[in-house]
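>>> here are the coordinates; sequence isn't available:
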């Protein structure tokens, strides 16, 4: 098995089948879907799919936990290149081939960016989300020098060996902050590719008290700084 796509799902019943069908038009490899405690019928829909490997969480364990579990399964299956995509219709499967090609061209992590000049905008970006993203990217770039423009796009590709180095553990939405910190520690070669900036659900909640942008930024920063310090002894 050379490639795997990992797709976390939490209450995505309106879009999950359409998205999976679109992925299957572009990708013939292993598709791992991690249902993170859905209660809207997504689990029942996924149970009838025979073209995926389904991982089911007994409850909502978190976005990061879903990806970490997917990574473990992809590695155990022998995947050499691993992609992550969301199941809400905001990621275009037609880009899969370009992301995999960028890994073959020498990148360890290829990250989608919704904010490159070539990125096509569909819908309005919620202002506070973009502001938090920009502030986080500034923090990451100040340490790494990578110049990334989008810290939180879930459309990514990885050289599988890099995943072993990252050793991720953050279960929540701040997992990308741990990822960037550990990628820098692992001397990862990072590349961004433009993807569409699609916002169809500007009211999506981050849960608990994280809908407040300042609290969310503080959470991201804490995970980032903790991950930077873990390997410093």
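Perfect, I can see it now. Bear in mind that the values here come from a model prediction, so they are computed numbers and not experimental data.

>>> Helix, strand or coil: sort out the most centrally placed residue in the chain for me.
Nearest residue to the geometric centre of the chain (CA atoms, centre = their mean): residue 154, 2.7 Å. Here residue 154 is coil, with the state taken from DSSP: H, G, I helix; E, B strand; the rest coil.

>>> which other residues reach the helix or strand bottoming out on mean pLDDT in the chain?
In the chain, no helix or strand scores lower on mean pLDDT, DSSP states H and E than strand 121-122, which sits at a mean of 72. Under the contact criterion CB atoms under 8 Å, 6 or more residues apart in numbering, strand 121-122 has outside partners 114, 196, 197, 198, 199. Quick note: C-beta positions are derived from backbone N, CA and C, even for glycine.

>>> Can you tell me which of the residues you listed is closest to residue 223?
residue 114 (21.3 Å; CB to CB).

>>> Quick one: neighbours of that closest one, just the number.
Neighbour count for residue 114, taken as other CB atoms under 10 Å: 23.

>>> For the nearest residue to it once chain neighbours are set aside, which residues count as its bridge partners?
Nearest non-adjacent residue to residue 114, counting by CB to CB, 6 or more residues apart in numbering: residue 197, 3.7 Å away. Beta-bridge partners for residue 197, by DSSP bridges, are residue 121.

>>> Tell me where the model's unsure across this structure.
Flagging of the chain using pLDDT under 70 yields the residue ranges 1, 123-127, 199-211, 230-233.

>>> Tell me where it has strands.
3-9, 30-36, 53-57, 81-84, 109-113, 121-122, 156-159, 190-194, 197-198 (DSSP state E).

>>> I'd like these as TSV, with distance to residue 143 and mean neighbour count appended.
As requested, these are arranged in TSV below (distance: least, CB to CB, whole Å; neighbours: other CB atoms under 10 Å):
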stretch	distance to residue 143	mean neighbour count
strand 3-9	27	26
strand 30-36	30	23
strand 53-57	32	17
strand 81-84	23	25
strand 109-113	16	25
strand 121-122	29	12
strand 156-159	19	24
strand 190-194	12	20
strand 197-198	25	19
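
>>> of all those strands, which lies closest to residue 90?
Nearest to residue 90, of the strands of the chain and by CB to CB, is strand 197-198 at 4.4 Å.
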